[in-house]
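Asker: Fold the stuff below for me.
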Amino acid sequence: MWIRELKFCPLCAGPLRRQRRFHERIVHPTCARCSFVLWQNPKPTVGALILRGRGERREILLSRRAVDPHRGLWDVPGGFMDLDETPEQTVVRECREEMGIEVRVGAFVGAFLDEYQGDERTLNLHYRCEVVAGEPRPSSDIDLVRWFPLRRVPRIAFQNGIEAVRALRCQLESRRRGV
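Answerer: Numbering: from 1, shown residues only. Down below sits the predicted model:
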């Protein structure tokens, strides 16, 4: 990843050294001259677990990736948060951009760590959603959208999406059993 290749501070051009700060276990590039720290934190993303139907007829909307990484694999719709957005606002924006639909954001399903490209870490927040306007159609960085039975989803591109669908199934099953 590009951070590993950085050798000089983006503020003062001093040499960067990899060091642990404040007894942390993660090594952060730190400027030897001005003490600037390039904190190694995961980037926040959101995923929309868009459902329709009930019981055995419940389906989830997935999108097929038209770009790398994982071009051609199915994915949970979503993306990276912008600086001025809440996770819920990001879900709404991403669904509008990627599929031309408006969604209602429902319950939080879970947070899952993952890798995006190489060692770029992400913190992925997933929400249950439902379509409130529009018909799903591909645009942006996807080439196909399709409803799948929740019990028979295809291979999903990222581990966080696999874990989110699994957590969603568990939550729905618990609700059905009254737990």
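Asker: how's this protein carved up into domains?
Answerer: Listed by automatic domain parsing, the domain ranges of the chain are 2-31, 43-177.
Asker: where among those domains is the average confidence lowest?
Answerer: For the domains of the chain, mean pLDDT drops lowest on domain 2-31, to a mean of 86.
Asker: how about that one: buried residues?
Answerer: Neighbour-count burial for domain 2-31 flags 9, 16, 28-31 (criterion: 16 or more other Cβ atoms under 10 Å). Backbone N, C-alpha and C define where each C-beta goes, glycine included.
Asker: what's the single longest helix in the protein?
Answerer: For the chain, the longest helix by residue count, based on DSSP state H, is helix 159-177.
Asker: just checking, what packs against that helix?
Answerer: The helices and strands touching helix 159-177, judged by 3 or more Cβ pairs under 8 Å, 6 or more residues apart in numbering; DSSP states H and E, are strand 43-52, strand 102-115, strand 121-133.
Asker: Report the contact partners of the nearest residue to residue 62 once chain neighbours are set aside.
Answerer: Spatial nearest neighbour of residue 62, chain neighbours left out: residue 74 (4.5 Å); criterion: Cβ to Cβ, 6 or more residues apart in numbering. Listed by Cβ atoms under 8 Å, 6 or more residues apart in numbering, the contact set of residue 74 reads 62-65, 146, 148, 153-157.
Asker: one more time with 6 Å
Answerer: By Cβ atoms under 6 Å, 6 or more residues apart in numbering, the contact set of residue 74 is 62, 64, 154, 156.
Asker: The residues you listed: which two are farthest apart?
Answerer: Spatial extent of the contacts of residue 74 (Cβ to Cβ) is set by the pair 64 and 156 at 10.7 Å.
Asker: Next, find the distance separating the residue lying farthest from the centre of the chain from residue 19.
Answerer: Within the chain, residue 33 marks the point farthest from the mean C-alpha position, 35.8 Å out by Cα atoms, centre = their mean. Residue 33 sits at a distance of 14 Å from residue 19 (criterion: Cβ to Cβ, to the nearest Å).
Asker: what's the first-to-last distance across stretch 25-36?
Answerer: 18 Å (Cα to Cα, to the nearest Å).
Asker: just how off-centre is that stretch within its chain?
Answerer: For stretch 25-36, the separation from the chain centroid amounts to 28 Å (computed by Cα atoms, centre = their mean, to the nearest Å).
Asker: Repeat that for stretch 53-68.
Answerer: Remark: stretch 53-68 is offset 15 Å from the chain centroid, using Cα atoms, centre = their mean.
Asker: Give me the residues contacting that stretch.
Answerer: Applying Cβ under 6 Å, 6+ apart, the contact partners of stretch 53-68 are 50-52, 71, 73-75, 77, 136, 141-145, 147-150, 157.
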